[in-house]
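S.K.: Here's my sequence, what's the structure:
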Amino acid sequence: MKSITKTQSRQRRHARIRSRVIGSALRPRLAVYKSNRYIHAQVIDDEAGKTLIAGSTKGMKAKKTAAAKELGKDLAKRAQAAGIKAVVFDRGGFRYTGRVAILADAAREAGLTM
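M.R.: Okay, here's the model as predicted:
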């Protein structure tokens, strides 16, 4: 029997989530990917297959949690400037805790509706 790695488990969870979470032009998807060092997030219109806004904690001088909060605020400001008020949150198979939750909460505080 073949063992299942953490990455494979996360990818399965993400596939389950993606079967229900779909971004549109009216309400795009805020997708999050978390590595050990960085967080990457993008606002995606799945109908058109286009990434509207993307950001990462790469290059930020802040610690991991502070950088995640900064990224959430930055994405929300850029989304609002592009006329996006509401998004669907896609946690990417990661638990909704820690840096993932901090990013989402910061985006909400900055004015995005989820």
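S.K.: My guess is Leu52 contacts Val43. True?
M.R.: Yes: Leu52 lies in contact with Val43 (Cβ atoms under 8 Å); the separation is 4.7 Å. Quick note: C-beta positions are derived from backbone N, CA and C, even for glycine.
S.K.: Can you check which residues contact both of these two?
M.R.: Common neighbours of Leu52 and Val43 are listed as 28, 79, 84 (criterion: Cβ atoms under 8 Å, 6 or more residues apart in numbering).
S.K.: Among Leu52 and Val43, which residue is more densely surrounded?
M.R.: Val43 (25 against 19; other Cβ atoms under 10 Å).
S.K.: List buried residues within the shared contacts of Leu52 and Val43.
M.R.: Burial by neighbour count, 16 or more other Cβ atoms under 10 Å: within the shared contacts of Leu52 and Val43 this picks out 28, 79, 84.
S.K.: I figured the last one hits Leu30, correct?
M.R.: So that's Ile84. No: counting by Cβ under 8 Å, Ile84 sits too far from Leu30 to count as a contact (9.4 Å).
S.K.: average pLDDT across the longest helix seen in the chain?
M.R.: Criterion DSSP state H: the longest helix present in the chain is helix 64-81. Mean per-residue pLDDT for helix 64-81: 97.
S.K.: Same question for stretch 24-41.
M.R.: The model assigns stretch 24-41 a mean pLDDT of 95.
S.K.: Next: stretch 107-114.
M.R.: pLDDT averaged over stretch 107-114 gives 95.
S.K.: At which residues are the strands of this structure located?
M.R.: Applying DSSP state E to the chain gives strands spanning 29-34, 39-45, 50-56, 88-90.
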